[in-house]
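Chemist: quick one: sequence and predicted model below, then my questions.
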Amino acid sequence: MLERLFTESSTELTRYFARRHGGDACAQDLVQETFLQLARGMRDGKTPKCVRGYLFGIARNLSQAAWANRAKDNVLPFDAAAAEVAAPEVDERISAARETISALEPVQREILELRFSHNLSYAEIAETLGVPIGTVRSRLHHAVAEVRHRLVFEINP
């Protein structure tokens, strides 16, 4: 089961970590640690209802710990927005949407990323964040509404 889960999820987790921490080597190390912690939990009898959500929950905790270590060591944080590969702008609305999303509260950005970049279900997001599904629905609704509101306001001030 663990091997199948690694095959299905390692690429997505690498992308998850790379967006937050940059560099493929760092992301690979964090993916490996994620699966090690999953394996330890399974060995100790933890059987989550939603394995993929549980896996992203581990990844989220490892990501936060890595940021805390960087702050403790006075390492400048990785700027994911600045490191994104600059693609030719086809539509200025895409640029506006990216700017709008980057201006949201971190919890709103995170829930949008989990849903739309990593295609996690509501149940998987709930498991990842350790909150009820109703909270996921509410936060996602408010995040999307906020993006819509800000984009409409920017277009028609």
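Modeler: Received, thanks.

Chemist: C-alpha only now, for contacts and for neighbours.
Modeler: Fine.

Chemist: residue contacts, Ala126?
Modeler: Taking C-alpha atoms under 8 Å, 6 or more residues apart in numbering, we find Ala126 in contact with 53, 132-133, 135-136.

Chemist: report the buried members of the residues you listed.
Modeler: Neighbour-count burial (16 or more other C-alpha atoms under 10 Å) applied to the contacts of Ala126 gives 53, 133, 136.

Chemist: next one: Leu151 from Lys49, what distance?
Modeler: Distance from Leu151 to Lys49, counting by C-alpha to C-alpha, to the nearest Å: 37 Å.

Chemist: repeat that for Ser138.
Modeler: Applying C-alpha to C-alpha to Ser138 and Lys49 gives a distance of 22 Å.

Chemist: ok, Ile58 next?
Modeler: 14 Å.

Chemist: who has more neighbours, these two?
Modeler: Ile58 (22 against 11; other C-alpha atoms under 10 Å).

Chemist: tell me the domain ranges of this protein?
Modeler: 1-85, 87-157 (automatic domain parsing).

Chemist: if you go through this structure in chain order, where are the helices?
Modeler: Under the criterion DSSP state H, helices of the chain are mapped to 2-21, 24-43, 51-72, 80-83, 92-102, 106-112, 122-129, 133-155.

Chemist: okay, and the helix or strand of this structure with the least pLDDT?
Modeler: Lowest by mean pLDDT, DSSP states H and E among the helices and strands of the chain is helix 80-83, with a mean of 46.

Chemist: what about stretch 97-114, how long is it end to end?
Modeler: OK, stretch 97-114 end separation, C-alpha to C-alpha: 17 Å.

Chemist: can you give me the buried ones in that stretch?
Modeler: Neighbour-count burial for stretch 97-114 [16+ other C-alpha under 10 Å]: 100-101, 108-112, 114.
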